[in-house]
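Q: Sharing a model that was predicted from the sequence below.
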Amino acid sequence: MEPKQTYKTFTANTDAAPRLTGTVKFFDRLKGWGFIEPDDGSGEVFVHYTGIDGDGYRNIYDGDLVSYVLVDRGRGPQAQSVRVRGGAA
């Protein structure tokens, strides 16, 4: 039996939460959602375009290296305050 996947989640101010890093595995720019593969090897993390830092409709691209804060939106872990590493999203 494999161990149950665990997540560290935060619901408070994202400015105070630790930033995690990962790679965008998939992001559908038309639908505005996708998944990040965390660098620590934990399970994929859902990302919605509203969780990407910036103004207007924001995009990230498959393969982008990103940092993010993990939050719980009631439907499981989700990336928030997503930023492309080495630049702005």
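A: Yep, that arrived.
Q: Report pLDDT for A17.
A: At A17, the pLDDT value in this model is 81.
Q: Tell me where the model's unsure across the protein.
A: Scanning the chain for pLDDT under 70 picks out the ranges 1-15, 87-89.
Q: most centrally placed residue in it?
A: A79 (2.8 Å; C-alpha atoms, centre = their mean).
Q: how far away is that one from L65?
A: According to C-beta to C-beta, to the nearest Å, A79 stands 13 Å off from L65. Every residue, glycine included, has its C-beta placed from N, CA and C.
Q: re earlier: who touches the residue nearest to the centre of the chain in this structure?
A: 36, 45-47, 51, 66, 68-71 (C-beta atoms under 8 Å, 6 or more residues apart in numbering).
Q: If any of these are buried, give me the ChimeraX selection for them.
A: Those of the contacts of A79 that count as buried under 16 or more other C-beta atoms under 10 Å are selected in ChimeraX with:
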select :36,45,47,51,66,68,69,70,71
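Q: Show me the contacts of A79 that map onto strands.
A: Judged by DSSP state E, these include 36, 45-47, 66, 68-71 as members of strands.
Q: one step back: reformat the contacts of A79 into JSON lines and put distance to N59 next to each item.
A: Output for the contacts of A79, formatted as JSON lines (distance: C-beta to C-beta, whole Å):
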{"residue": "I36", "distance to N59": "14"}
{"residue": "V45", "distance to N59": "17"}
{"residue": "F46", "distance to N59": "16"}
{"residue": "V47", "distance to N59": "11"}
{"residue": "G51", "distance to N59": "12"}
{"residue": "V66", "distance to N59": "12"}
{"residue": "Y68", "distance to N59": "15"}
{"residue": "V69", "distance to N59": "19"}
{"residue": "L70", "distance to N59": "21"}
{"residue": "V71", "distance to N59": "20"}
